[in-house]
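K.L.:
Have a look; sequence and predicted model below, questions after that.
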Amino acid sequence: MMIKLFCVENTNQLGLPRKKQRRKSQSANLRGANLGGANLEGANLEDANLRGANLEDANLRGANLGDAYLEDAYLRGANLEDANLEDANLRGANLGDAYLEDAYLRGANLRGANLRGANLEGANLRGANLRGANLEGAYLEDANLEDAYLRGAHLRGANLGGANLRGANLGGANLGGANLEDANLRGANLEDANLEDANLRGANLGDANLEDANLRGANLRGANLRGANLEGANLEGAKGIKLPIINIQGSRHLIFYHDGQIRIGCNTLTVAEWLDIEKARSLGKVDSSYTEEQIKEYRVTLSNQQNS
C-alpha cells in the first residue's frame, strides 16, 4: 500500500490585509427586487438580503455589500469597482461580464457563481470559495487569490498574469489555455488540474502539488518548480521543462528528482546533501522518525541512481 504524505505550508502566520471599515445599519430586505440599471454608487447595503434580486447593469461602484446575501442574484454587467463584498454570499450568482476591478471579496462565497468574462483585475479574493465557479475568459491580472478554494473551477482562457494564488486549492480545475505568466502558485494544489497549453512562463510553482495534472503543451520557461510534486503529470510537449524527471517510490516517501534537486517527504536537497550520512540521519529522525534500515535503503537507492 502506498501512503502519500504531502507538506502543507502554514499560511495563517502571514500578515493579513487590514479589513475595510464598515458602517453598521439596519439590514435591508430587497429579496427578488428589480434594481436593473439602478444607480447605487456608494450605497450601504451591508447585511442586505438581495437573494434573487435583479441588479443587471446596476452601478454599485464603491458600495458596501459586506455580509450581504446575494445568492442567485443577477448582476450581469454590473459595475462593482472598489465595492466591498467581504464575506458576502454570492453562491450561484450571475456576474457575467461584471466589472469588479479592485473589489474586496475576501472570504466571499462564490460557489457555482458565473463570472465568465468578468473583470477582476486587482480584486482581493483571498480565502474566497469559488468551487465550481465559471471564470472562463475572466480577467484576473494581479488579483489576490491566496488560499482561495477553486476546486473544479472553470478558468479556461482566463488571464491570471501576476496573480497571487499561493496556497490556493485548484484541484481538478480547468485552466486550459489560461495565462499564468509570473503568477505565484507556491504551495498551491493543482492535483488533476487541466493546464494544457497554459502560459506558466516565470510562474512560481515551488512546492506546488501537480500530481496527475495535465501540462501538455504548457509553457514553463523560467518557471520555478523547486520542490513541486509532478508525479503522474502529463508533460508531453511542455516547453521549458528540464529533463529528466525521476520518481521512485521508497518504503516511506516518494523520491522525486528534477533539475539537480531531490525531494523526499518535505525536504528538498541535492544528491550530495542527501548522501551526507549525518544530514540524512538528522532529517530522517527529526522529520519522519526513519529507522536506520530505512535511511540505509534510501542512501543505497540514491547511490545507485547517481551511478547509473
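P.N.:
Thanks, I have the structure now.
K.L.:
and Leu254, how many neighbours does it have?
P.N.:
As a burial measure, Leu254 scores 18 neighbours (other C-beta atoms under 10 Å). (Glycine included, C-beta is placed from N, CA and C.)
K.L.:
Equivalent analysis for Ala163, please.
P.N.:
Per other C-beta under 10 Å, the neighbour tally for Ala163 reads 30.
K.L.:
close enough to count as contact, it and Leu135?
P.N.:
No - distance between Ala163 and Leu135: 11.3 Å, which falls outside the contact criterion (C-beta atoms under 8 Å).
K.L.:
In the stretch 1-150 of the chain, where is pLDDT below threshold?
P.N.:
Counting by pLDDT under 70, the stretch 1-150 of the chain shows low-confidence ranges at 1-26.
K.L.:
remind me, longest helix of this protein?
P.N.:
Taking DSSP state H as the assignment, the helix of the chain that covers the most residues is helix 292-307.
K.L.:
Mind giving me the packing neighbours of that one?
P.N.:
Taking 3 or more C-beta pairs under 8 Å, 6 or more residues apart in numbering; DSSP states H and E as the contact definition, the neighbouring helices and strands of helix 292-307 are strand 245-249, strand 254-258, helix 271-274, helix 277-287.
K.L.:
Against Ile262, how distant is the residue nearest to Ile277 when sequence neighbours are not counted?
P.N.:
Closest residue to Ile277 in three dimensions, ignoring its sequence neighbours and counting by C-beta to C-beta, 6 or more residues apart in numbering: Arg299, at 7.2 Å. Here the distance between Arg299 and Ile262 works out to 12 Å (C-beta to C-beta, to the nearest Å).
K.L.:
Among the two, which residue is more densely surrounded?
P.N.:
More crowded of Arg299 and Ile262, by other C-beta under 10 Å: Ile262, with 21 against 17.
K.L.:
ok so, going back, any common contacting residues for Arg299 and Ile262?
P.N.:
Between them, Arg299 and Ile262 share these contacting residues under C-beta atoms under 8 Å, 6 or more residues apart in numbering: Trp274.
K.L.:
can you tell me which residues contact the residue most central in space within the chain?
P.N.:
With distances taken as C-alpha atoms, centre = their mean, Ala168 lies nearest the centre of the chain, 2.9 Å away. Contacts for Ala168 were tallied using C-beta under 8 Å, 6+ apart; they are 145-150, 185, 188-189.
K.L.:
Tell me the spacing between it and Glu297.
P.N.:
35 Å.
K.L.:
if we can go back for a sec, would you put the C-alpha positions of the longest helix of the chain in PDB?
P.N.:
Output for helix 292-307, consisting of C-alpha atoms alone and laid out as PDB, is shown next (Å, rounded to 0.1, in the frame of the first residue of the first chain):
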ATOM      1  CA  GLU A 292      18.400   3.200  10.400                       C
ATOM      2  CA  GLU A 293      17.300   0.400   7.900                       C
ATOM      3  CA  GLN A 294      15.100   2.900   6.000                       C
ATOM      4  CA  ILE A 295      17.800   5.600   6.000                       C
ATOM      5  CA  LYS A 296      20.200   2.900   4.500                       C
ATOM      6  CA  GLU A 297      17.500   1.900   2.000                       C
ATOM      7  CA  TYR A 298      17.200   5.500   0.700                       C
ATOM      8  CA  ARG A 299      21.000   6.000   0.600                       C
ATOM      9  CA  VAL A 300      21.500   2.900  -1.500                       C
ATOM     10  CA  THR A 301      18.700   3.900  -3.900                       C
ATOM     11  CA  LEU A 302      20.200   7.400  -4.400                       C
ATOM     12  CA  SER A 303      23.800   6.000  -4.800                       C
ATOM     13  CA  ASN A 304      22.500   3.500  -7.400                       C
ATOM     14  CA  GLN A 305      20.800   6.300  -9.300                       C
ATOM     15  CA  GLN A 306      23.800   8.500  -9.100                       C
ATOM     16  CA  ASN A 307      26.000   5.800 -10.600                       C
END
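K.L.:
Could you check how far that helix is from the centre of its chain?
P.N.:
Centre-to-centre, helix 292-307 and its host chain are 35 Å apart (C-alpha atoms, centre = their mean, to the nearest Å).
K.L.:
when you give positions from now on, start the count at 41
P.N.:
In the new numbering, first residue 41, that becomes helix 332-347.
K.L.:
That helix versus strand 294-298: what angle between them?
P.N.:
Helix 332-347 runs at 30 degrees relative to strand 294-298, counting by axes from the mean of the first three to the mean of the last three C-alpha atoms, to 10 degrees.
K.L.:
buried residues in helix 332-347?
P.N.:
Within helix 332-347, the residues that count as buried by 16 or more other C-beta atoms under 10 Å are 334-335, 338-339, 341-342.
K.L.:
now these as CSV including distance to Asp316 and pLDDT?
P.N.:
Formatted as CSV, the entries for those read as follows, by distance: C-beta to C-beta, whole Å; pLDDT from 0 to 100:
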residue, distance to Asp316, pLDDT
Gln334, 17, 79
Ile335, 12, 77
Tyr338, 12, 74
Arg339, 10, 73
Thr341, 15, 77
Leu342, 11, 73
